[in-house]
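**Q** just need the structure, nothing else, for what follows:
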Amino acid sequence: MEMEGRAQKENRSKEDLISETKRGIGCCGWILVTLSAFFTILFFPITIFIGIKIVKEYERAVIFRLGRITAKRAKGPGIFFIIPCTDSFIKVDMRTVSFDIPPQEILTKDSVTVSVDGVVYFRVSDPIASVANVSSADYSTRLLAQTTLRNVLGTKNLSEVLSDREGISHSMQMTLDEATDAWGIKVERVEIKDVKLPHQLQRAMAAEAEAAREARAKVIAAEGEMNASRALKEASIVIAESPSALQLRYLQTLNSIAAEKNSTIIFPLPLDVLGHFMKK
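**A** Below is the predicted model:
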């Protein structure tokens with residue numbers, strides 16, 4: 001519904017512009033056009049080279065007759081004819097144009113100063129509006145992109161600026177597209193390229209991240225010690241239920257020591273064996 005409303009609004013504005021053009025040419029204007037057409041036909045072999053114009057596939061021509069736009073649509077691509085002396089035209093490039101937004105010093109919502117730059121892709125969707133409604137559609141779009149970047153990022157926190165780039169780009173695109181619609185400009189894409197933080201803030205964030213990693217490491221180590229102590233407790237219960245299990249564990253320990261090729265081997269002697277000899 002919104003797109004249909006915008007299209008109807010554009011059509012009405014074009015019709016108003018063309019009707020005003022037709023009314024404004026006046027009687028003297030028609031006389032001049034008739035004389036110009038007469039001399040064009042009279043000197044046809046010469047004027048044909050002046051009146052015939054060609055625009056490329058990606059270009060359109062907006063024709064002015066005595067300073068007034070002559071048609072609802074721009075001419076082209078290809079060949080078209082103008083009346084010398086009374087007609088003039090302006091070429092409009094319809095290709096997608098990209099430009100870099102210079103780095104902007106922006107104060108975020110949480111009072112942090114960051115430098116942000118971006119890139120904007122746009123094209124001319126209405127050649128007549130881009131010529132008649134604004135003096136320089138390209139330059140005006142560049143200036144508006146800078147102010148829009150500041151306004152959008154000024155409402156975001158630093159964490160949102162760093163993590164939600166896609167949402168910020170979409171919001172900027174919608175804002176720019178709505179503002180440049182009257183200029184015949186269609187903003188196709190906006191991207192945030194880089195977010196530069198002050199060096200002091202970078203060091204503070206790095207220290208914070210390091211402290212958080214150390215805290216997590218300590219928590220993980222403590223959990224490991226707790227799990228190990230629980231396993232040792234369960235193992236001691238199993239060994240206490242079977243006295244021969246302790247002897248087998250002694251033998252496993254002796255086997256591990258012998259595998260390391262040490263010159264000295266300490267053999268643990270169970271206390272119950274010594275108690276047996278002490279009784280004798």
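**Q** end to end on stretch 86-102, go ahead and measure it.
**A** 42 Å (Cα to Cα, to the nearest Å).
**Q** count the neighbours of the closest residue to residue 196 other than its chain neighbours for me.
**A** Counting by Cβ to Cβ, 6 or more residues apart in numbering, residue 196 lies nearest to residue 115, which is 4.1 Å off, once chain neighbours are set aside. All C-beta spots, glycine's among them, are computed from the backbone N, C-alpha and C. Using other Cβ atoms under 10 Å, residue 115 is surrounded by 14 other residues.
**Q** surely residue 115 is in contact with residue 105?
**A** Yes - judged on Cβ atoms under 8 Å, residue 115 makes contact with residue 105 at a distance of 5.7 Å.
**Q** can you tell me the strand partners of the helix or strand harbouring residue 53 and which way each runs?
**A** Here residue 53 sits within strand 52-55, counting by DSSP states H and E. When pairing is defined by DSSP bridges, strand 52-55 lines up against strand 78-81 (antiparallel).
**Q** I'd like the average pLDDT over the partner strand.
**A** Confidence over strand 78-81 (mean pLDDT, whole number) is 88.
**Q** next, work out how far apart residue 207 and residue 216 are.
**A** To residue 216, residue 207 is 15 Å away according to Cβ to Cβ, to the nearest Å.
**Q** ugh, wrong one, I meant residue 104
**A** Residue 104 sits 36 Å away from residue 216, going by Cβ to Cβ.
**Q** one more: residue 61?
**A** 66 Å.
**Q** of those two, who's got more company?
**A** Taking other Cβ under 10 Å, residue 61 and residue 216 do not tie; residue 61 has more neighbours (19 against 10).
**Q** looks to me like that one is in a strand.
**A** Yes - looking at residue 61 with DSSP: H, G, I helix; E, B strand; the rest coil, it is inside a strand.
**Q** appreciated, that's everything.
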